[in-house]
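**Student:** Please work out how this folds:
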Amino acid sequence: MSKKKAINFDLSEIADGGVQVKLNLENYLDQEKMIIMLQSHFEENDDRNIILKVVSNLRDESIHQQTDDGVSQSVQINSGVTSVDEVKVPNPVKLIPFRTFQEVDQPASKFIFRMREGMQSALFMADNNQWQVEAKNNIKKYIQQLEQETFGEIKYPVIA
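**Tutor:** Model prediction:
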């Protein structure tokens, strides 16, 4: 008599085809690493574009000209030789990291964006890993939709 083994996996460790994706969160990164992470690990949206604009235009002296009320930061960014723009970065920001199977919608999460001297910035999780619940539900809906299309009905319940 053969015993069936249970298969357990943690969605936070699985991405496209079982490839593990590690986001460099809660660590201050230099300008180049933060730009690369934002462009390669997050879907494009308004908040990502604001953060990318701020990080891309940082100069060492600009980070000294910031205001911080605990909820949002304002940073002066040099936009030319003679003018300075002020960009208000909302906090928390809503970003969409690539963290689950590419066939399903990626769940959005809230992050706190922080900057410090030396042109360093960091993203800190601000949603208590609620994305995992949404990811499981998105996978469940995807499987049910495939089953509906294949068999014309849902024959096997999917528990998520």
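**Student:** going forward, measure contacts and count neighbours with C-alpha atoms only.
**Tutor:** OK.
**Student:** Around residue 53, how many other residues sit close by?
**Tutor:** Residue 53: 14 surrounding residues under other C-alpha atoms under 10 Å.
**Student:** Quick check: it vs residue 25, distance?
**Tutor:** Between residue 53 and residue 25 the distance is 19 Å, computed by C-alpha to C-alpha, to the nearest Å.
**Student:** Repeat that for residue 159.
**Tutor:** 30 Å.
**Student:** With neighbour numbers in mind, choose between these two.
**Tutor:** More crowded of residue 159 and residue 25, by other C-alpha under 10 Å: residue 25, with 13 against 7.
**Student:** Phi and psi next, for the nearest residue to that one once chain neighbours are set aside.
**Tutor:** Spatial nearest neighbour of residue 25, excluding adjacent residues (C-alpha to C-alpha, 6 or more residues apart in numbering): residue 123 at 5.4 Å. Residue 123 adopts backbone torsions of phi -110, psi 130, taken as degrees, to the nearest 10.
**Student:** Could you name the helices and strands sitting against the top helix by length along the chain?
**Tutor:** Longest helix of the chain, by residue count under DSSP state H: helix 131-151. Applying 3 or more C-alpha pairs under 8 Å, 6 or more residues apart in numbering; DSSP states H and E, we find helix 131-151 packed against no helix or strand.
**Student:** for this structure, what spans make up the helices?
**Tutor:** Listed in chain order, the helices of the chain (DSSP H) span 31-41, 46-56, 131-151.
**Student:** Tell me which of the ones you listed sits nearest to residue 115.
**Tutor:** Closest to residue 115 of the helices of the chain, according to C-alpha to C-alpha: helix 46-56, at 9.0 Å.
**Student:** which other helices and strands contact that closest one?
**Tutor:** helix 31-41, strand 84-89, strand 93-95.
**Student:** Return the distance of the longest one from the chain's centre.
**Tutor:** With C-alpha atoms, centre = their mean, to the nearest Å as the basis, the distance from the averaged C-alpha position of helix 31-41 to the chain average is 11 Å.
**Student:** Could you name the helices and strands sitting against that helix?
**Tutor:** Using 3+ C-alpha pairs under 8 Å, 6+ apart, helix 31-41 sits against helix 46-56, strand 120-125.
**Student:** what's the longest one in contact with?
**Tutor:** So that's helix 46-56. By C-alpha atoms under 8 Å, 6 or more residues apart in numbering, the list of residues contacting helix 46-56 from outside reads 31, 34-35, 38, 42, 75, 77, 87, 89, 93-95, 119, 121.
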